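**Q** Quick check, what structure comes out for this input:
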Amino acid sequence: MKPTEQLKTEHRGVKLMLVILDKVCVEPDEINREHFTRILEFLKVFVDKCHHGKEEDLLLPAMVEAGVPKEEGAIKFTLLEHVEGRGYIKGMSEAFDKLKRCDRQASARIAENAKKYIALLVKHIEKEDNILFPLADKVLLQAKQAELEEEFEKLEVERIGLGKHEEFHVLLHQLKEIYLD
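**A** I've put the predicted structure just below:
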């Protein structure tokens with residue numbers, strides 16, 4: 001499987017979690033704390049450390065090495081949107097900490113950051129799937145793609161640990177049954 005196909009597959013899981021996050025935040029005053037803790041872990045660990053790590057540390061540098069400019073276009077905007085998304089996750093996390101300390105206004109801040117994060121990531125995934133990844137497939141030689149596949153596997157084990165990816169898929173299934181079925 002090409003590295004970009006793996007990233008697109010991961011995008012499907014991320015999009016499912018975004019739909020779940022949206023449902024969780026419909027009634028922000030009634031957020032299930034255990035579920036939200038696990039959702040935040042998914043966003044911080046799976047989306048940011050693992051998925052965005054594969055892009056930022058491996059795919060994008062390979063594209064730059066192949067001649068794609070870093071300071072403009074698809075790569076520049078991908079990196080900027082990753083930073084913006086981290087800001088929304090931080091906002092949700094900080095508000096959630098306040099909610100746990102009985103700050104009644106915190107739930108509205110969770111929902112506000114969640115809505116902005118969802119809107120950002122939906123557009124971001126669309127751009128990656130339709131602009132960035134086809135560009136990567138065009139400029140990266142098959143040998144480099146094979147190397148990236150191996151590096152993706154190593155990064156995943158190093159960043160999130162063996163079996164954690166599968167745990168996140170179980171979490172997605174459990175939360176889907178609770179919030180979407």
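**Q** residues touching the residue minimising distance to the centre of the chain, list them.
**A** For the chain, the residue nearest the mean C-alpha position is residue 47 (2.8 Å; Cα atoms, centre = their mean). Contacts for residue 47 (Cβ atoms under 8 Å, 6 or more residues apart in numbering) come out as 14, 17, 85. In short, each C-beta sits where N, CA and C put it, glycine included.
**Q** Of these, which is the most crowded?
**A** With neighbours taken as other Cβ atoms under 10 Å, the top of these is residue 17, carrying 23 neighbours.
**Q** Retrieve the pLDDT associated with that one.
**A** What the model reports as pLDDT for residue 17 is 98.
**Q** and the contacts of residue 47 as JSON lines, adding distance to residue 79?
**A** Formatted as JSON lines, the contacts of residue 47 follow (distance: Cβ to Cβ, whole Å):
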{"residue": "14", "distance to residue 79": "17"}
{"residue": "17", "distance to residue 79": "22"}
{"residue": "85", "distance to residue 79": "11"}
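**Q** Tell me which entries of these lie within helices.
**A** Among these, DSSP state H puts 14, 17, 85 in helices.
**Q** so what pLDDT did the residue nearest to the centre of the chain get?
**A** For residue 47, the model assigns a pLDDT of 97.
**Q** Likewise for residue 28?
**A** At residue 28, pLDDT is 70.
**Q** And it, how close does it get to residue 158?
**A** With distances taken as Cβ to Cβ, to the nearest Å, residue 28 is found 35 Å from residue 158.
**Q** just residue 27 next, same as before
**A** According to Cβ to Cβ, residue 27 stands 38 Å off from residue 158.
**Q** Check residue 56 too.
**A** In this view, residue 56 and residue 158 are 14 Å apart by Cβ to Cβ.
**Q** Please identify which of these two sits among more neighbours.
**A** Neighbour tally, residue 56 and residue 158, criterion other Cβ under 10 Å: the higher count belongs to residue 56, 15 against 12.
**Q** Surely the more buried one is in contact with residue 81?
**A** No - using Cβ atoms under 8 Å, residue 56 is not in contact with residue 81, being 11.4 Å away.
**Q** ok, for residue 15, nearest residue in space, not its chain neighbours?
**A** residue 125 (6.3 Å; Cβ to Cβ, 6 or more residues apart in numbering).
**Q** Next one, pLDDT for the one you found please.
**A** pLDDT, residue 125: 98.
**Q** ditto for residue 44
**A** On pLDDT, residue 44 comes in at 97.
**Q** just residue 25 next, same as before
**A** Residue 25 is assigned a predicted lDDT (pLDDT) of 89.
**Q** Look up how far residue 90 lies from it.
**A** From residue 25 across to residue 90, the span is 16 Å (Cβ to Cβ).
**Q** No more questions from me, cheers.
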